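Engineer: Dropping the sequence and predicted coords here.
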Amino acid sequence: HPLIVDPERCARFMLLFDSDKNDLIGRNEFVEAAQFLTIANFLATTQERWKIKEQAEQQEPTMRLARLIHMLERNPQKFDEVLRSVPTVLAVQLMSSTFEEECNARFAEVVPGGSSSSSSSI
């Protein structure tokens, strides 16, 4: 089924966030992936997505919701541009030190003894 996420598909997805192209996901890349997934989940599951969609449709076509998601899928480095298009409360949460600390804690669970410069093989 095309919606089943197997380990190979997951690895290919995570490579989108391998900004230094070393086939490893470092701590900062992991945070970017978590931010992306949080926005994707927000856009897919909340009632506020309709408000965002309406606002995006009133703006020029390049800012439409589908284009934002497509933009991130093609180039995760455009995260800052997409971040400016989500509600302020979500953007503040994603950029907070608390969110980063939570991501770092989860990263450390996956990579025991991982330091701030640790990377995990995909």
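Structural biologist: It's in.
Engineer: what number of residues lie near residue 86?
Structural biologist: 19 (other Cβ atoms under 10 Å). Using the backbone N, CA and C atoms, a C-beta is placed for each residue, glycine as well.
Engineer: Before we move on, what's the pLDDT of the closest residue in space to it that isn't next to it in sequence?
Structural biologist: Excluding the flanking residues, the one nearest residue 86 by Cβ to Cβ, 6 or more residues apart in numbering is residue 39, at 5.9 Å. For residue 39, the model assigns a pLDDT of 88.
Engineer: check which helix or strand covers residue 39.
Structural biologist: helix 27-45 (DSSP states H and E).
Engineer: hang on, the earlier thing: contacts only, for the residue nearest to residue 86.
Structural biologist: 72, 82-83, 86, 90, 94 (Cβ atoms under 8 Å, 6 or more residues apart in numbering).
Engineer: Tell me where this protein has helices.
Structural biologist: Counting by DSSP state H, the segments of the chain that form helices are 7-15, 27-45, 48-58, 65-74, 79-83, 88-95, 97-110.
Engineer: Show the low-confidence segments of the protein, by residue range.
Structural biologist: Scanning the chain for pLDDT under 70 picks out the ranges 1-3, 5, 56-64, 113-122.
Engineer: ok, the residue positioned nearest the centre of it to residue 99 distance?
Structural biologist: What sits nearest the mean C-alpha location of the chain, by Cα atoms, centre = their mean, is residue 36, with 1.1 Å. Using Cβ to Cβ, to the nearest Å, we find residue 36 at a distance of 13 Å from residue 99.
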